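S.K.: can't give you the sequence, but here's the structure:
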C-alpha cells in the first residue's frame, strides 16, 4: 500500500505536460529543493538523528515541520531508522545496505517495505518527551498538504506540479542516493567497519551528505565535509545560523580524529 502514494507523487509530475513549465514554477522547484534538502540534511539527519548542534524548541519544531514537507515521513521515524543504520551498518540488520541487498532495495525498496512502517520509539527516547514532535511524527502529512495548497492558491497549477511535486521527487532520489551510492561508489579516507564512501557528486546534490565515509568515521559532527575542499552547504548554513544565535554548540570532529586511520 505504501507504494501507491509514492508512485502517485511520481505520476503527478507528468501533469507538467499540460500545465507547462514557466519561470515561476522553475524557481519554486529550485528553492523548494534546496530549502527542503536542508531540512532533511541539517534537520532530520544532523539534528534529530545525531544531535550535532543545539537549538531552541521553536526552531526545532520548525525544522521538523519543514522536513515533513519533503514527504519522507516524520522526523522521529527518520531518525530512528538512521540510528539503526549506523548501529548495524552493512550487516544483516542494516535497513538499507546496498552491499547485502542491492541497489533497488537500498535506494527505495526498504522505504516501501512494511518491515519499516512503524517508528522504533526505543531508538529515539530522547525525543519522545516532546509532544509536538510526537504529534508531528504521527501527522507528518499535514505540513506538505498545507504547503501544496498554499502554492496552488497563490501561484497556480504549474507551480504546484513543477515547483512542489517535481522538486519532491528530486528530493526523494537525491536523499536516497546516499544509501544506494555512498556505500558502493566513491573513496574511503577512513577505515570504518562498513563500506561507507565519500562521493563528491552526491555531496553536491545533497548539500554535503555525500561525504559519507567522513560521517561514518565521526557521526557526531555537524559537518560532513571535514576539509575545506569538501563542499558542505548544509554546514555552511548552520554556521550562518550560529552567527545569529539560532543554533549553537555546532560540533566539529576533534583535529586528532581527522587523521586517525586516514588512508
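M.R.: Everything's here; your move. Small disclaimer: the values here were computed from a predicted structure and weren't measured. Numbers count the residues shown, from 1 in each chain.

S.K.: Tell me how many other residues crowd residue 243.
M.R.: Applying other C-beta atoms under 10 Å, we find 8 residues neighbouring residue 243. The C-beta positions use only the backbone N, C-alpha and C, and glycine is treated the same way.

S.K.: For it, give its distance to residue 133.
M.R.: Noted for residue 243: a distance of 26 Å to residue 133, by C-beta to C-beta, to the nearest Å.

S.K.: Then residue 32?
M.R.: 23 Å.

S.K.: Ok, residue 182 next?
M.R.: Residue 182 is 27 Å from residue 133, by C-beta to C-beta.

S.K.: mean confidence for stretch 80-96?
M.R.: Stretch 80-96 carries an average pLDDT of 93.

S.K.: Residue 182 and residue 133: which is more packed in?
M.R.: A direct count of neighbours by other C-beta under 10 Å for residue 182 and residue 133 places residue 182 higher, at 26 against 22.

S.K.: pretty sure the more buried one is touching residue 203, no?
M.R.: No: using C-beta atoms under 8 Å, residue 182 is not in contact with residue 203; the gap is 9.0 Å.

S.K.: Pull up the overlap in contacts between these two.
M.R.: 209-210 (C-beta atoms under 8 Å, 6 or more residues apart in numbering).

S.K.: So, low pLDDT: which residues of the protein?
M.R.: 1-2, 261-263 (pLDDT under 70).

S.K.: Which helix runs longest in it?
M.R.: In the chain, taking DSSP state H as the definition, the longest helix is helix 23-38.

S.K.: Which parts of the stretch 151-263 of the chain are helices?
M.R.: Here the stretch 151-263 of the chain has its helices, by DSSP state H, counting those that start in this stretch, at 157-158, 167-180, 200-205, 212-217, 233-243, 255-258.

S.K.: Could you identify which of these is most buried?
M.R.: Greatest average neighbour count among these goes to helix 212-217 (a mean of 26), per mean count of other C-beta atoms under 10 Å.

S.K.: Alright, calling it a day.
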